[in-house]
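S.K.: task: produce atomic coordinates for the following.
(one chain, ligands or ions: 2)
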Amino acid sequence: MSTNTQEESAEKRGLNFVEQIVADDLRAGKNGGRLNTRFPPEPNGYLHIGHAKAICMDFGVAEKFGGTCNLRFDDTNPVKEDVEYVDSIREDIHWLGFDWGDREYYASDYFPKLYDLAVRLIKEGKAYVDDQTSEQIAAQKGTPTEPGKESPFRNRTPEENLDLFERMNAGEFDEGARVLRAKIDMASPNMHFRDPIMYRIIKTPHHRTGDRWKVYPMYDFAHGQSDYFEGVTHSICTLEFEVHRPLYEYFVRELADDSYCPRQIEFNRLNLTYTVMSKRKLLQLVKEGLVAGWDDPRMPTISGMRRRGYTPRSIRNFVDLIGYTKYEALNSVSLLEHAVRDDLNAVATRVMAVVNPVKVVITNYPADKVETVSMDNNPEQDNAGTHEMPFTREIYIEREDFMENPPKKFFRLAPGGEVRLKGAYIIKCNDVIKDADGNITEIHCTYDPDTLSGMPGSMRKVKGTLHWVSASHAVDATVRLYDRLFSVENPSAETDRDFRELLNPDSLRVIEGVKVEPYLAENAEVGRPFQFQRVGYFTADPDSRPGALVFNRTIALKDSWEKEQKK
Ligand code: ATP
Ligand code: MG
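M.R.: Ligands and ions are numbered 1, 2, ... in the order given. From the prediction side, this is the model:
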């Protein structure tokens with residue numbers, strides 16, 4: 001059966017193709033009926049939304065079929081790795097809602113066993129030390145259609161190889177001076193079989209093993225064996241590893257028997273429009289100060305999305321929406337944003353905040369009077385309750401909600417016109433006060449006392465409803481508005497330009513002097529989602545302090561970007 005029809009039949013049974021393979025293996029009683037997956041991040045950066053896709057698969061499939069999922073730090077390159085990354089990875093996986101219990105492992109835990117295996121392969125004539133430079137080795141690799149050339153060091157004796165390998169690990173040779181290679185087949189049609197490198201010399205201390213080792217295993221010599229040592233049954237990874245699978249199986253066969261053997265399965269990566277997903281590029285953005293850090297809300301990192309106010313559920317729902325296939329694709333960030341809006345609509349507390357305020361004076365409302373009006377916390381939920389908001393003679397509304405000379409069908413406030421203040425009264429505009437430059441400083445209105453929302457007599461209808469805050473009770477806040485980090489849809493495809501030139505110069509806009517209702521000021525815990533009514537979804541930033549509130553706009557209420565693009 002072709003991959004295509006396999007996927008289709010799996011779809012019909014409500015399982016994705018990976019789950020289908022797992023289900024079949026379990027039914028066939030493979031590995032004693034055990035299911036154990038692993039998520040294997042390299043601690044060389046923060047996790048991004050692509051990793052979330054892998055996490056949802058690795059942990060999700062284990063959950064679904066009653067198996068377990070290990071967290072394994074793939075820490076085989078001390079040059080790039082750091083404990084800061086280990087900590088952030090743990091936090092991000094937990095935040096997404098997954099747990100590995102006590103199954104936290106490190107590839108570095110297996111360095112002794114991997115070393116022993118290398119020694120065994122040397123003794124069996126299956127590995128040799130090559131003194132050539134990486135350039136020479138690369139030059140001998142051949143092409144997919146032409147065989148490679150054998151290294152002049154390929155036929156060293158096991159004794160000589162063993163002696164050199166031990167001395168490599170003792171620190172006797174410089175980095176790059178020698179490598180250990182598997183002796184497989186320089187003419188293999190699979191390039192990965194052309195005597196792949198197993199070990200290289202690295203003298204940077206390792207964050208866990210210090211300077212105990214001077215040789216470090218390559219990914220291909222570490223991953224399958226680590227899976228085997230841990231008892232992993234299904235090693236699920238992304239498509240670029242498909243071509244490595246025969247080598248994965250080759251090394252695993254050196255260890256496994258018939259009763260248990262890990263199996264590699266590949267699915268398509270998540271790629272997102274208007275961003276980059278490579279950790280190398282993300283690190284560059286951080287290091288060069290082009291963003292405020294790994295958790296900058298514009299970053300595609302999980303920590304950035306958390307700081308921005310995305311919820312774990314919206315990310316998981318998005319991953320479900322895009323699904324798992326065998327074809328590479330570019331996923332639209334609009335779909336992610338749709339999932340974010342969908343979840344926030346269900347969970348965000350409704351509040352009022354005026355981003356670009358203009359003062360309204362209600363001339364027939366007593367100067368010292370304060371009424372409390374009641375506001376629904378979330379009309380989408382039955383038990384979300386209400387909170388109170390003060391109503392006073394002077395309020396703020398959005399400057400954009402008033403027009404002195406409105407076009408037809410402008411249902412907001414205009415001279416002589418009426419609007420409802422949400423949750424309060426209907427007001428009518430009578431007068432506009434301006435400064436010497438002609439800027440509007442105050443709008444004078446009168447209110448209709450018989451129109452308080454929810455009261456008998458409030459049935460009178462007007463077309464427009466505005467959000468507002470009491471001028472004397474409102475609290476000042478700063479909001480940060482985010483846009484796409486890059487101004488082109490697929491920055492990685494623009495190979496003739498440095499990706500940093502493609503950054504969107506307007507990806508962050510900071511607005512001061514935003515007026516927010518007092519309830520928000522008191523309840524703005526970091527990460528709690530709010531809907532600023534008619535404006536968007538927001539959450540307090542960790543920088544926020546009492547008296548100096550800072551909110552991140554998670555996302556606008558509607559997708560104005562798509563509309564603008566279509567114009
Ligand atoms: P790099 O960007 O340095 O090549 P990586 O993105 O592969 O690294 P790892 O830490 O090695 O990062 O990834 C851990 C796991 O997450 C791997 O199994 C990998 O296949 C998976 N993963 C990484 N990026 C994506 C992605 N964009 N979509 C789905 N899975 C991904
Ligand atoms: Mg990787």
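
S.K.: contacting residues around whatever residue of the stretch 51-200 of the chain ends up closest to ligand 1?
M.R.: As assessed by CB to the nearest ligand atom, ligand 1 sits closest to A54 within the stretch 51-200 of the chain, at 3.7 Å. Glycine gets a C-beta too; all of them are placed from N, C-alpha and C. By CB atoms under 8 Å, 6 or more residues apart in numbering, the contact set of A54 is F39, I236, C237, T238.

S.K.: kindly recompute the last result at 7 Å.
M.R.: Contacts for A54 (CB atoms under 7 Å, 6 or more residues apart in numbering) come out as F39.

S.K.: SS state for it?
M.R.: Recorded secondary structure, A54: helix (DSSP: H, G, I helix; E, B strand; the rest coil).

S.K.: from T372, how far off is it?
M.R.: Distance, A54 to T372, using CB to CB, to the nearest Å: 50 Å.

S.K.: now F229: which helix or strand?
M.R.: Here F229, judged by DSSP states H and E, is contained in helix 219-230.

S.K.: could you point out the helix or strand that follows that helix?
M.R.: Using DSSP H and E, the helix or strand that follows helix 219-230 in sequence is strand 234-238.

S.K.: and that next one with helix 219-230, angle?
M.R.: Interaxial angle of strand 234-238 relative to helix 219-230 (axes from the mean of the first three to the mean of the last three CA atoms, to 10 degrees): 150 degrees.

S.K.: just list what strand 234-238 packs against, helices and strands only.
M.R.: Identification of packing neighbours for strand 234-238 by 3 or more CB pairs under 7 Å, 6 or more residues apart in numbering; DSSP states H and E yields strand 36-39, strand 263-267.

S.K.: for the last one, what is the average pLDDT?
M.R.: I take that to be strand 263-267. For strand 263-267, the per-residue pLDDT values average out at 98.

S.K.: equivalent analysis for the shortest one, please.
M.R.: Throughout strand 36-39, pLDDT has a mean value of 98.

S.K.: pull the CA atoms of it into PDB?
M.R.: This file holds the C-alpha atoms of strand 36-39, laid out as PDB (Å, rounded to 0.1, in the frame of the first residue of the first chain):
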ATOM      1  CA  ASN A  36       7.300   4.200  24.800                       C
ATOM      2  CA  THR A  37       8.000   7.300  22.800                       C
ATOM      3  CA  ARG A  38      10.500  10.100  23.500                       C
ATOM      4  CA  PHE A  39      10.800  13.900  22.800                       C
END
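
S.K.: which stretches of the stretch 401-550 of the chain form helices?
M.R.: Listed in chain order, the helices of the stretch 401-550 of the chain (DSSP state H, counting those that start in this stretch) span 518-523.

S.K.: so, low pLDDT: which residues of it?
M.R.: 457 (pLDDT under 70).

S.K.: swap in 90 and give it another go.
M.R.: Counting by pLDDT under 90, the ranges of the stretch 401-550 of the chain that qualify are 453-461.

S.K.: residues of it that sit close to ligand 1?
M.R.: Within the stretch 401-550 of the chain, no position is near ligand 1 by CB under 6 Å from any ligand atom.

S.K.: quick one: the residue of the stretch 51-200 of the chain closest to ligand 1 from A62, how far?
M.R.: 13 Å.

S.K.: R194 now?
M.R.: To A62, R194 is 35 Å away according to CB to CB.

S.K.: try P491
M.R.: Distance of P491 to A62, given as CB to CB: 34 Å.

S.K.: do E254 as well
M.R.: From E254 to A62 the distance is 26 Å (CB to CB).

S.K.: model confidence over the host helix or strand of D92, on average?
M.R.: Secondary structure assignment for D92, by DSSP H and E: helix 83-96. Helix 83-96 shows a mean pLDDT of 97.

S.K.: OK, contacts around the residue of the chain most remote from its centre?
M.R.: Relative to the centre of the chain, the most outlying C-alpha is that of N364, 51.9 Å out, by CA atoms, centre = their mean. Under the criterion of CB under 7 Å, 6+ apart, the neighbours of N364 are T446, Y447.

S.K.: how close does it sit to I440?
M.R.: Using CB to CB, N364 is found at 20 Å from I440.

S.K.: and if you look at Q20?
M.R.: 64 Å.

S.K.: the two: which is more packed in?
M.R.: Neighbour count, other CB atoms under 10 Å: between Q20 and I440, Q20 has more, with 17 against 14.
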